[in-house]
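# Would you be able to build a 3D model of this:
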Amino acid sequence: MRNQFLPFSPPCLGDEERDEVMDTLRSDWITTGPKTKAFEGKLRDYFDAPAVVGLNSCTAGLHVGLLAMGIGPGDEVIVPSMTFCATANVVEHVGARPVLVDVMPDTLNLDPEAAARALTPRTRAILPVHYAGHPVDLDAVFDLAGRHGLQVMEDAAHAISARHRGRLVGSRSNLAAFSFYATKNITTSEGGCLTGEAGLVEKARIYGHHGMNRDAWKRFDRSGSWYYEVVLPGFKYNMTDLQAAIGLHQLDRLEAFQRRRREVVAAYGARLGRLACLQLPVERPEVVSSWHLYVIRLNPGHLRIDRNAFIEELKARNIGTSVHYLPVHMHPHYRDKYGYQPEACPVAADAFGRMLSLPLHPGMTDQDVADVCEAIEDIVRLNPA
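Just a heads-up that it's a prediction; the model follows:
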């Protein structure tokens, strides 16, 4: 058994990030400024996106994205139940109703047929989530949206580097929101961005900076002006240069990070695939997953312990885990406000009761991976049904 605890997903930071942060601290700019603009430019080039705005979180991106799309009171937005609560919360923040639908049994992504059944005359948009980094069936989502005149914004919090039919998630003209939180595939400590058509992104940028006209941050710079105007009621969602300083180098390291993630995934699959008690995550042939999460599910009837006990057994062996997620329709707010029962989204509810996320990050050594597999094998051996 390991002597030291293996964290679930710590950030992987190097001297380049630390030096860039120190350079920022020594400069005249620590909030939104030249490094934020440089990071936005690198992101735009990476995604080959029409436009990009850096923000202080993916949640902020989703919020201002909905506002830029004109979603508001009386509207309905289709949201998969298997996601972090923020995906649904932002719909409520703009006064609309999140209509929670079930997910696919293999990927745990939005089920397009469930989404189609949930449409009403008030439906204005679909907000699919690329769960765990596996792209949703975008062909089906855009087909459904096109037939019913709906807008699409992608929750791509998990999905930087993911591809659907060869195309990077975030490269389209519709809006897509990404997260750079501490546990994500790249990090800016906190932070995120929104990609998409230039007009929508520009409106989202204004919403995210108090509703002030675009270059208001330059009002303290020699080249700027003290004068600014508020053109709509906005929010304090801007990314800072301290965050961008980290992101500039994290983005450079993304390809290497992803290569190591895939090595860890392959090692997990080779060893854990032998265990009949486990359902392993999939990668459909038409996609490249970003492998943000490695979510396993316990197959019923194989063990005498449940998911919660399994997690505690791993913790006792110094292996960190997490659960992604309690389905949104089972959270008290959404359950009580809209009357959802667990069986409203049976695939999501069933998956939640059996799932746990294993450690997955580019800092893992081969020994770390072996330790996780050995711990799981030991728990399985000691707890037959």
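# so how many other residues sit close to the nearest residue to residue 200 once chain neighbours are set aside?
Once flanking residues are discounted, residue 200 sits nearest to residue 68: 4.8 Å by Cβ to Cβ, 6 or more residues apart in numbering. C-beta: built from backbone N, CA, C; applies to glycine. Look at residue 68: counted by other Cβ atoms under 10 Å, it has 23 neighbours.
# how far away is residue 68 from residue 198?
To residue 198, residue 68 is 11 Å away according to Cβ to Cβ, to the nearest Å.
# same deal with residue 205?
From residue 205 across to residue 198, the span is 10 Å (Cβ to Cβ).
# ok, now residue 83?
With Cβ to Cβ as the criterion, residue 83 and residue 198 are 27 Å apart.
# The two: which has the busier surroundings?
Comparing residue 83 with residue 198 by other Cβ under 10 Å, the one with more neighbours is residue 83, at 27 against 12.
# Scan this protein for its longest helix.
Longest helix in the chain, counting residues (DSSP state H): helix 254-272.
# which residues are contacting the helix or strand just after that one?
Moving toward the C-terminus from helix 254-272, the next helix or strand (DSSP states H and E) is strand 278-279. With Cβ atoms under 8 Å, 6 or more residues apart in numbering as the test, strand 278-279 has contacts from 272, 296, 297, 298, 299, 354, 376.
# Now that we have those residues, which of them are buried?
Among the contacts of strand 278-279, the ones that count as buried by 16 or more other Cβ atoms under 10 Å are 272, 296, 297, 298, 354, 376.
# and the first one, what does it touch?
Remark: with contacts taken as Cβ under 8 Å, 6+ apart, residue 272 is in contact with 278, 280, 296, 373, 376.
# Could I get the pLDDT score of it?
What the model reports for residue 272 is a pLDDT of 98.
# circling back: enumerate every residue touching the residue nearest to residue 200.
175, 200, 201, 203, 204, 207.
# And the furthest pair within those residues?
175 and 207 (12.1 Å; Cβ to Cβ).
# quick one: which of those two has more around it?
residue 175 (28 against 24).
# Surely the more buried one and residue 201 touch.
Yes. Using Cβ atoms under 8 Å, residue 175 is in contact with residue 201, at 7.4 Å.
# what's the overlap in contacts for these two?
68, 194, 195.
# So which of the contacts of strand 278-279 are in helices?
Per DSSP H, the contacts of strand 278-279 map to helices at 272, 354, 376.
# how much space between the first one and residue 324?
When distance is defined by Cβ to Cβ, residue 272 is 18 Å away from residue 324.
# cool, and the last one?
The gap separating residue 376 from residue 324 is 18 Å, by Cβ to Cβ.
# Count the neighbours of residue 132 for me.
Counted with other Cβ under 10 Å, residues neighbouring residue 132 total 23.
# The residue nearest to it when sequence neighbours are not counted: what's it in contact with?
Sequence neighbours aside, residue 293 is the residue nearest to residue 132 in space, at 3.9 Å (criterion: Cβ to Cβ, 6+ apart). By Cβ under 8 Å, 6+ apart, the contact set of residue 293 is 132, 133, 158, 281, 324, 357, 360.
# Now, those residues that are in strands?
The strands, defined by DSSP state E, take in residue 357 from the contacts of residue 293.
# Using neighbour counts, trim the contacts of residue 293 to the buried set.
132, 133, 158, 281, 324, 357, 360.
# Share the number of residues neighbouring residue 80, please.
Using other Cβ under 10 Å, residue 80 has 31 other residues around it.
# bridging residues for it?
Legend: beta-bridge partners of residue 80 under DSSP bridges are residue 101.
# Find the nearest non-adjacent residue to residue 61, please.
Nearest residue to residue 61, sequence neighbours excluded (Cβ to Cβ, 6+ apart): residue 177, at 3.4 Å.
# And for residue 232?
That would be residue 211: by Cβ to Cβ, 6+ apart, it lies 4.3 Å from residue 232.
# Test for you: state the pLDDT assigned to that neighbour.
Note for residue 211: predicted pLDDT of 94.
# quick one, helices of the stretch 51-200 of the chain?
Counting by DSSP state H, counting those that start in this stretch, the stretch 51-200 of the chain has helices at residues 58-68, 86-93, 112-117, 138-148, 198-208.
# correct me, but residue 355 touches residue 323?
Yes. If you go by Cβ under 8 Å, residue 355 and residue 323 touch, sitting 6.2 Å apart.
# domains of the protein?
15-252, 254-382 (automatic domain parsing).
# The first one: end-to-end distance?
In this case it means domain 15-252. Domain 15-252 has an end-to-end distance of 13 Å (criterion: Cα to Cα, to the nearest Å).
# the more surrounded of residue 355 and residue 323?
Shown here are residue 355 and residue 323; by other Cβ under 10 Å, residue 355 has more neighbours (21 against 14).
# Report the contact partners of the more buried one.
Contacts of residue 355 were listed using Cβ under 8 Å, 6+ apart, and they are 295, 296, 297, 298, 307, 323, 324.
# got it, and residue 356?
If a contact means Cβ under 8 Å, 6+ apart, then residue 356 has 295, 296, 298, 307, 310, 311, 314, 321, 322, 323 as its contacts.
# Could you list the buried residues of stretch 97-114?
The neighbour-count check on stretch 97-114 (16+ other Cβ under 10 Å) flags 97-104, 107-112, 114 as buried.
# What is the most widely separated pair among those residues?
Once Cβ to Cβ is applied, these give 97 and 107 as the farthest pair, at 25.4 Å.
# low-confidence ranges in the chain?
214-225 (pLDDT under 70).
# all strands of it, in order?
Taking DSSP E to define them, one finds strands in the chain at 51-55, 76-80, 97-101, 123-126, 151-155, 163-164, 167-168, 175-179, 192-196, 278-279, 287-288, 294-298, 355-358.
# Mind putting those into CSV with distance to residue 141?
As requested, the strands of the chain are arranged in CSV below (distance: least, Cβ to Cβ, whole Å):
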stretch, distance to residue 141
strand 51-55, 21
strand 76-80, 9
strand 97-101, 12
strand 123-126, 6
strand 151-155, 6
strand 163-164, 10
strand 167-168, 14
strand 175-179, 12
strand 192-196, 15
strand 278-279, 25
strand 287-288, 13
strand 294-298, 21
strand 355-358, 23
